[in-house]
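Peer 1: Sharing a model prediction with you, sequence too.
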Amino acid sequence: MTGATTPGTAQGGPMARAPQAPPPRTRAGSLQVTRERLGEREAIVVRSDPARRAGALTLGDGALLRHAADRALEERLALVLLLSTSGAAVGDGVGALHGWGLGARALARCSGVVPVLAGVLGPALSGPALLLGLADIVVFARSGFAYVTGPNVVAEVTGEHVDAETLGGIDVHARHSGVATLEAADPAEVVSALATVLSFLPDDTDHAPPHRRTEDPPDRRTEQLLELLPATPTGAYDVRDVVAEIVDDGELLELRARWAPQIVTVLARVGGAPVGVVANQPRTLAGTLDIEASQKAARFVTFCDSFNLPILTLVDTPGFLPGKDLEWRGMIRHGAELAFAYAEATVPRLCLVLRKAYGGAYIVMDSKGMGSDLTLAWPGAEIAVMGAQGAVQILHRRAGPAERVEREEAYRQTYLTPWIAAERGLVDDVIDPADSRRAIVRGLEVLLAKREVIRARKHPNGPL
C-alpha cells in the first residue's frame, strides 16, 4: 500500500526508535566540556557558548551533557554548568528535546552523589531553565535571566505584557522563586562564588567535607551573645549575628538570603569542619514558618545530608504562620517537607534553642523527637505547646483581665522554661550563652564519628 509504514521505521509504529545522539565529544553544537580547577577544587565544567546559535542546545549537546555527567560520576568530581542559552535548537526539532531529556536524566543520576552547581551568565530559557531546578546550587549573574515560557507566550495566553527581566531576572529568582542560591555581579564573580561553595563540600557523597585549620579557639567564650537578645521576649534581633559569634572567625556564606528571609540557611565552619546552619530569623515575621520557609530549610537540610555536612539548628520561632491562604496552598504538605528532611538526615545534628520553641514549629526544627543528636538550650528558652497568652485564653477563657494577667505569669514561670524538657531528656543540657561555641565544638567532635544503618528500600516517598 502506498504511504504505508512498517513497525520500527522512523516514521511511526510502536517500535519507532528515539533519535540517536552522535558520539560524545568534548565539544558539540554550543556546549564544551572541560576538567578544570575552580579555586582549590577540580570539577567537570560544562560551558555553553552564546556566540554559537545563541547557545541553543542540539541533540548533540544533550549527549555531551550526559557524557559530562557520566564523567563526573566516574571521576567523583563536582559537575558545574555555566549557562547562557536560548533553549532547544529549533532546527533540530524533537531531537533537541530528546537531547535535553538525556541531559536532565543524567543530572538526576548525579543528584546526591556529586555536587551539581550551575551559573547563569545570560539567558537560560525553556528546557535549560529546568536544569537549574535540578542543581544543588545556582548562582545568577546580574545579566542572567531564566524562564520556562517567554514574554511573548505570556502576552498571548494571559494578555499581560512583561519583559525578560520582570519575568525571570535575578531579582525574581532571588526574592520570589528561590531558584537563585547566590547572586553575583558578573560572570567572573559567578565562578568565584561557585568555587567558594565547593570549598565547603566533598567531591562526592562518600567522603567527608574538607577540614580547614583555624586560629579561632574552640573554647572561645561567646560573651557577645549575652547582649544580642533583647530584654523583651517579643523583641527582634538578627540571628546572623548569633551565627557569626559561634562559627569560626565569624565567617559565613548565606544561601538564598532574599527568599523566605524568616529562615536563614548558612554554610560555615565550626572547629575547622564545614557545617550547615539553619536558623529562625526573628527580624522577619518573628521567625514564623510558612510554605516558602519550610521548603527553603528542607532543601538545605537534604543538601547538607547528601554531602556529609553536620547540621546546626538555631531555634527561635513562635510557630507556623497562620492564614487561610497558606492552608489552601498546602501548609500541611510543605510543613511536612521540613519534618521529613530532618527525619531522613543521617549526618550529625545539633540543635540550640535560643528563645521561643512553640508547638509544631518546635518539632520540625530538629527537636529530639525528630532525631537530633544533641539538643541544647539557653536558660531563657521557652519550650512549650504555645505562649502564655494563648494558653490562658484556652485554659481560663472565663477569667477576668486581672486574673488573666496573673494566670499568664504563672504559666510563664511554670511552663515557659527549658527545665521541664531537660527533666524529660528532650534537652541534653541547658548552657550559658557564653559557652555556646565551646559546647557546639565539643558536641561536633563527638558526633563526627556518627554512623547510621539505613534500611534498604527503593526510595522514600516524602511530601513534595
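Peer 2: Good, I have the coordinates.
Peer 1: a helix runs through Val80, doesn't it?
Peer 2: No. Read with DSSP: H, G, I helix; E, B strand; the rest coil, Val80 is strand and lies in no helix.
Peer 1: burial count for it?
Peer 2: Neighbour count of Val80, defined by other C-beta atoms under 10 Å: 29. C-beta coordinates here come from the backbone N, C-alpha and C atoms, glycine included.
Peer 1: Show the contacting residues for it.
Peer 2: 38, 43-46, 117-119, 194 (C-beta atoms under 8 Å, 6 or more residues apart in numbering).
Peer 1: for Ala298, what are its contacts?
Peer 2: Shown in contact with Ala298 (C-beta under 8 Å, 6+ apart): 337-338, 340-341.
Peer 1: please redo it, this time with the cut-off set to 6 Å
Peer 2: 337-338, 341 (C-beta atoms under 6 Å, 6 or more residues apart in numbering).
Peer 1: Taking the contacts of Val80, tell me the two that lie furthest apart.
Peer 2: Greatest spatial distance in these: Ile44 and Gly119, 13.8 Å, computed using C-beta to C-beta.
Peer 1: Neighbour count for these two, which is higher?
Peer 2: Neighbour tally, Ile44 and Gly119, criterion other C-beta under 10 Å: the higher count belongs to Gly119, 28 against 24.
Peer 1: Distance-wise, check the more buried one relative to Glu36.
Peer 2: Separation of Gly119 from Glu36 (C-beta to C-beta, to the nearest Å) stands at 13 Å.
Peer 1: Same question for Pro322.
Peer 2: Counting by C-beta to C-beta, the gap from Pro322 to Glu36 is 50 Å.
Peer 1: same check, this time on Thr149
Peer 2: 34 Å.
Peer 1: Which strand or helix spans Phe411?
Peer 2: Check again: residue 411 is Tyr, not Phe. helix 401-415 (DSSP states H and E).
Peer 1: Give the next helix or strand downstream of that helix.
Peer 2: From helix 401-415, the next helix or strand downstream (DSSP H and E) is helix 419-423.
Peer 1: average model confidence for the helix or strand following that following helix?
Peer 2: Sequence-wise, the next helix or strand downstream of helix 419-423 (DSSP H and E) is strand 429-430. Averaged across strand 429-430, the pLDDT comes to 96.
Peer 1: Start at 679, not 1
Peer 2: Will do, 679 is the new start, and the previous item becomes strand 1107-1108.
Peer 1: Show the subsequent helix or strand relative to strand 1107-1108.
Peer 2: helix 1114-1125.
Peer 1: and Arg890, what is it in contact with?
Peer 2: Arg890 neighbours (C-beta under 6 Å, 6+ apart): Gly950.
Peer 1: Kindly provide the distance from it to Gly950.
Peer 2: In terms of C-beta to C-beta, Arg890 sits 5 Å off from Gly950.
Peer 1: Ok, Leu1016 next?
Peer 2: Applying C-beta to C-beta to Leu1016 and Gly950 gives a distance of 29 Å.
Peer 1: Of those two, which one has the most company?
Peer 2: Neighbours were counted for Leu1016 and for Gly950 using other C-beta under 10 Å; Leu1016 has more, 28 against 14.
Peer 1: so how far is the helix or strand where the more buried one lies off the chain centroid?
Peer 2: Secondary structure from DSSP H and E places Leu1016 in helix 1009-1022. Centroid displacement of helix 1009-1022 relative to its chain, using C-alpha atoms, centre = their mean, to the nearest Å, is 13 Å.
Peer 1: the helices in the stretch 929-1078 of the chain, which residues?
Peer 2: 969-984, 1002-1006, 1009-1022, 1037-1042, 1066-1073 (DSSP state H, counting those that start in this stretch).
Peer 1: Oh, that last question was meant for the stretch 729-878 of the chain, not what I typed.
Peer 2: With DSSP H, counting those that start in this stretch as the criterion, the stretch 729-878 of the chain has helices spanning 737-753, 772-788, 805-812, 829-836, 842-846, 848-850, 865-876.
Peer 1: closest one to Arg1011 among those?
Peer 2: That would be helix 805-812 among the helices of the stretch 729-878 of the chain, by C-beta to C-beta, at 18.1 Å.
Peer 1: Okay, buried residues for that closest one please.
Peer 2: Neighbour counts over helix 805-812 (16 or more other C-beta atoms under 10 Å) mark 805-807, 809-810, 812 as buried.
Peer 1: next one: stretch 956-971
Peer 2: 956-960, 962-971.
Peer 1: Kindly report the same for stretch 908-925.
Peer 2: In stretch 908-925, counting by 16+ other C-beta under 10 Å, buried: 915, 917-918, 920-925.
Peer 1: now swap in stretch 1037-1045 and tell me
Peer 2: Of the residues in stretch 1037-1045, 1037, 1039-1045 count as buried by neighbour count, 16+ other C-beta under 10 Å.
Peer 1: tell me the average confidence for it?
Peer 2: Mean predicted confidence for stretch 1037-1045 is 92.
Peer 1: Run the chain-centre distance for that stretch.
Peer 2: 18 Å.
Peer 1: I'd like to know how many residues surround Ile1010.
Peer 2: Neighbours of Ile1010 (other C-beta under 10 Å): 10.
Peer 1: in the sheet, who's paired with the closest residue to Val925 other than its chain neighbours?
Peer 2: The shortest distance from Val925 to any non-neighbouring residue, by C-beta to C-beta, 6 or more residues apart in numbering, is to Ala946 (3.9 Å). Ala946 has the following beta-bridge partners by DSSP bridges: Leu930, Val953.
Peer 1: Equivalent analysis for Val758, please.
Peer 2: The residues that Val758 bridges to, once DSSP bridges is applied, are Val723, Leu795.
Peer 1: What's the per-residue pLDDT of it here?
Peer 2: Value listed for Val758 in the pLDDT field: 98.
Peer 1: Next, find the distance separating it from Gly717.
Peer 2: Val758 is 11 Å from Gly717, by C-beta to C-beta.
Peer 1: Repeat that for Glu893.
Peer 2: As judged by C-beta to C-beta, Glu893 and Gly717 stand 21 Å apart.
Peer 1: who's more crowded, these two?
Peer 2: Neighbours per residue (other C-beta under 10 Å) separate Glu893 from Gly717, with Gly717 holding more: 13 against 6.
Peer 1: Please list all residues in contact with the more buried one.
Peer 2: 873, 877.
Peer 1: Tell me the pLDDT of it.
Peer 2: With respect to pLDDT, Gly717 scores 92.
Peer 1: Just the C-alpha atoms of stretch 932-939, please, in CSV.
Peer 2: Only the C-alpha atoms of stretch 932-939 are listed here, as CSV (Å, rounded to 0.1, in the frame of the first residue of the first chain):
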residue,chain,number,x,y,z
GLU,A,932,24.3,32.7,53.4
LEU,A,933,22.3,30.9,50.8
ARG,A,934,19.0,32.2,49.3
ALA,A,935,19.3,35.2,51.6
ARG,A,936,16.3,37.1,50.0
TRP,A,937,13.9,34.2,49.6
ALA,A,938,11.9,33.3,52.7
PRO,A,939,14.1,35.5,54.9
